[in-house]
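Undergrad: Model the following, please.
(one chain, ligands or ions: 1)
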Amino acid sequence: MAKARRILLKISGEGFAREGETGLDTERVKALAAQLRKLTEEKVQVACVIGGGNILRGKQSESLGINRATGDYMGMLATVINGLALSDALESNGVPTRVMSAIDVHKVCEPFIRRRALRHLDKGRVVVLVGGLGSPYFTTDTAAAQRAIELDCSTLLKATMVDGVYDKDPNVFEDAVHLPEITFQEVLEQRLRVMDQTAFTLCREHNLPIVVFDMNAPDGLLAAARGQKIGTVIQN
Ligand code: UDP
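TA: Numbers count the residues shown, from 1 in each chain. Modelled structure (predicted):
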């Protein structure tokens with residue numbers, strides 16, 4: 001794959017917490033910011049969609065006796081907290097940012113407006129996208145796919161805790177095989193789990209390549225954006 005000019009990076013909530021824990025870990029956030037800084041030094045335009053699973057996921061809310069839609073809004077607000085933390089760490093590293101939200105929290109960040117987001121990207125600011133799509137019953141994976149297409153990003157980089165896609169769960173099966181490249185069709189045929197169905201379908205229909213890579217790999221983000229062999233590339 002060629003080096004990307006503009007990427008969409010999806011960072012799950014787990015990327016903001018200490019491994020296996022919930023909440024916010026400032027060391028993790030600083031490490032993320034340091035990787036992102038290197039990327040901006042290479043003049044790659046970066047939009048990040050931020051998850052919130054380290055704080056709350058809507059699905060959990062029902063077991064807590066909270067209405068699902070309310071839980072989803074709580075999850076969206078969790079992404080705002082993570083996004084503000086990342087923006088703060090980036091700005092401390094000298095990287096200009098703008099946080100843009102799909103839900104209205106105008107005292108803390110800008111509303112998401114496509115043309116404004118494009119302008120920020122052109123000016124070299126890292127655009128931190130929070131609030132998902134602003135509607136319950138969606139995930140931030142779907143927001144990542146939708147925003148990547150809307151903002152004309154060449155690749156969706158999905159930062160995860162594993163180094164790509166396997167033919168079966170590597171945590172369960174010792175003989176699981178890592179797949180460095182795979183097509184959308186093969187993912188469907190082999191029923192592999194990459195992203196939720198809505199997100200996956202959007203990427204497939206709009207021919208948007210996905211790179212799944214380990215966010216803890218040294219310079220993994222750089223390698224993924226440079227189009228070097230890392231993780232798993234999914235494309236048509
Ligand atoms: N969410 C939502 N609509 C969106 C995006 C997110 O309702 O467009 C809610 C949903 O409850 C989700 C939570 O926000 O569980 C946090 O997002 P997600 O689970 O995608 O975070 P991640 O798994 O990436 O940490």
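Undergrad: Let me see the contact set for the residue lying closest to residue 134 once chain neighbours are set aside.
TA: Of all residues not flanking residue 134 in the chain, residue 102 sits nearest, at 3.3 Å (Cβ to Cβ, 6 or more residues apart in numbering). C-beta here means a position set from N, CA and C on the backbone, and glycine is covered the same way. By Cβ atoms under 8 Å, 6 or more residues apart in numbering, residue 102 lies in contact with 76, 112, 129, 130, 131, 132, 133, 134, 143.
Undergrad: Let me know how buried residue 136 is, in neighbour terms.
TA: Neighbourhood size, residue 136 [other Cβ atoms under 10 Å]: 17.
Undergrad: Tell me the secondary structure at residue 158.
TA: strand (DSSP: H, G, I helix; E, B strand; the rest coil).
Undergrad: quick one: contacts for it?
TA: Residue 158 makes contacts with 10, 141, 144, 194, 195, 210, 211, 212, 213, as judged by Cβ under 8 Å, 6+ apart.
Undergrad: again, 10 Å this time
TA: Counting by Cβ atoms under 10 Å, 6 or more residues apart in numbering, residue 158 touches 8-12, 49, 141, 144-145, 164-165, 194-195, 199, 203, 210-213, 215, 224, 231-232, 234.
Undergrad: Equivalent analysis for residue 81, please.
TA: 13, 16, 23, 24, 50, 52, 54, 55, 56, 108, 130.
Undergrad: Looking at those, which is nearest residue 186?
TA: For the contacts of residue 81, the closest approach to residue 186 (Cβ to Cβ) belongs to residue 13, at 28.4 Å.
Undergrad: Quickly note the distance from residue 28 to residue 96.
TA: Residue 28 sits 22 Å away from residue 96, taking Cβ to Cβ, to the nearest Å as the criterion.
Undergrad: out of the two, which sits in the busier spot?
TA: Neighbours were counted for residue 28 and for residue 96 using other Cβ under 10 Å; residue 28 has more, 22 against 13.
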